[in-house]
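S.K.: what follows is a predicted protein model with its sequence.
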Amino acid sequence: MTITHTTTDRSQWLAQRLQLLAREKELSRLSDEVARERSALPWVRVQTPYVFDTSDGPRALGDLFNGRRQLLVQHFMLGPGWAQGCPSCSYMADHIEGMLPHLAARDVALVVVSRAPLKEIERFRKRMGWGFRWVSSHGSSFNTDFGVSFTPQDVAAQTMHYNFEQQCFANDEMPGVSVFAKDDAGEVFHTYSSYGRGVEVMMGTYRLLDLTPAGRNEEHLEHSMAWVRHHDRYEPEAFALPTGACCGGH
């Protein structure tokens, strides 16, 4: 990779860094403001009795809270009969497991939901080495109701409603993140959903890449995430340590 750059002395670098810091603080304040507005959205009661196939047997949506009052759902693109899950959704899922104890400490459960039958989910999960909860919505309308799965007729007619607007694309599965909450009576409500670039909230690697000189380095690609692979499909040299490097003590 070739990285184009300019050079300067420390004082000039500091002056420009302070200008950027002011912009970063402005963005942080705006992000905090939007987060408050997001939290203030009204809730919508979930009236459909969704049932999911899980490793513990059939479970209702309310059961997926696992004793918490709030539930995050990753809508993972893995349809019935697919040989493997979507690489971009897998990229999202790679960030989950380290977050789970911290989410639980804030009364939040997280579950991944796909439309593929559970046995197909488990086959792919085993390959990827993931341990988070992943359930199947196969046979229910959950995915279509929350705008991440589309019928063959919708795809043929190009009449998909995704990310709160009518869109045209070739996929019958799309990514998303939804949030649910329980009230004091134990009733379940839908509080938030995000699609499109909104799912980057689960892509912590992007936030680190955004700090580097090359950034995401996607401008020349056919589409923005064309470089992403399943974590077991990158070429070994992509993550090999330089010769002579040491990752720990002796």
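M.R.: Received it, and whenever you're ready, just let me know what you need. Residues are numbered from 1 along each chain as shown.
S.K.: where in the chain is pLDDT low?
M.R.: Within the chain, the stretches with pLDDT under 70 are 237-250.
S.K.: can you give me the helices in it?
M.R.: For the chain, the helices defined by DSSP state H cover 10-39, 87-93, 100-105, 118-128, 142-145, 152-157, 204-209.
S.K.: deepest of those, which one?
M.R.: Mean neighbours per residue, mean count of other Cβ atoms under 10 Å, is largest over those for helix 87-93, with a mean of 21. Using the backbone N, CA and C atoms, a C-beta is placed for each residue, glycine as well.
S.K.: dump it to CSV, keeping only the CA atoms.
M.R.: Provided in CSV are the C-alpha atoms of helix 87-93 (Å, rounded to 0.1, in the frame of the first residue of the first chain):
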residue,chain,number,x,y,z
PRO,A,87,-18.8,-11.2,5.2
SER,A,88,-19.8,-7.7,6.3
CYS,A,89,-22.3,-9.1,8.9
SER,A,90,-19.5,-11.4,10.0
TYR,A,91,-17.2,-8.4,10.4
MET,A,92,-19.8,-6.8,12.7
ALA,A,93,-20.2,-10.1,14.6
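S.K.: any idea how far that helix is from the middle of the chain?
M.R.: Averaging C-alpha positions (Cα atoms, centre = their mean, to the nearest Å) puts helix 87-93 7 Å from its chain's average.
S.K.: quick thing: my sequence starts at 170, can you match it?
M.R.: Renumbered: residue one is now 170, and that last one reads helix 256-262.
S.K.: show residues contacting it.
M.R.: 243, 245-247, 254, 281, 297, 299, 301, 344, 368, 371-372, 374, 394, 397-400, 402 (Cβ atoms under 8 Å, 6 or more residues apart in numbering).
S.K.: can I get the buried ones among the residues you listed as something I can paste into PyMOL?
M.R.: With 16 or more other Cβ atoms under 10 Å as the burial test, the buried ones among the contacts of helix 256-262 are selected in PyMOL as follows:
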select buried, resi 243+245+246+247+254+281+299+344+368+371+372+397+399
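S.K.: could you check how far Gln335 is from Arg179?
M.R.: Relative to Arg179, Gln335 is positioned 52 Å away (Cβ to Cβ, to the nearest Å).
S.K.: name the residues of stretch 354-368 that are buried.
M.R.: Neighbour-count burial for stretch 354-368 flags Val357, His359, Thr360, Ser362, Ser363, Tyr364, Val368 (criterion: 16+ other Cβ under 10 Å).
S.K.: tell me how far Asp379 lies from Glu193.
M.R.: Per Cβ to Cβ, Asp379 is found 11 Å from Glu193.
S.K.: before we move on, what about Leu230?
M.R.: 39 Å.
S.K.: Gln327 too?
M.R.: 40 Å.
S.K.: what do you get for Met246?
M.R.: Taking Cβ to Cβ as the measure, Met246 falls 33 Å from Glu193.
S.K.: check Leu279 too.
M.R.: Distance from Leu279 to Glu193, by Cβ to Cβ: 28 Å.
S.K.: now swap in Leu390 and tell me
M.R.: From Leu390 over to Glu193 the distance is 26 Å, taken as Cβ to Cβ.
S.K.: run through the residues that contact Asp232.
M.R.: Not one residue lies near Asp232 by Cβ under 8 Å, 6+ apart.
S.K.: which strand residues bridge Glu334?
M.R.: Bridge pairing for Glu334 (DSSP bridges) gives the partners Tyr331.
S.K.: can you count the residues close to it?
M.R.: When neighbours are counted by other Cβ atoms under 10 Å, Glu334 registers 9.
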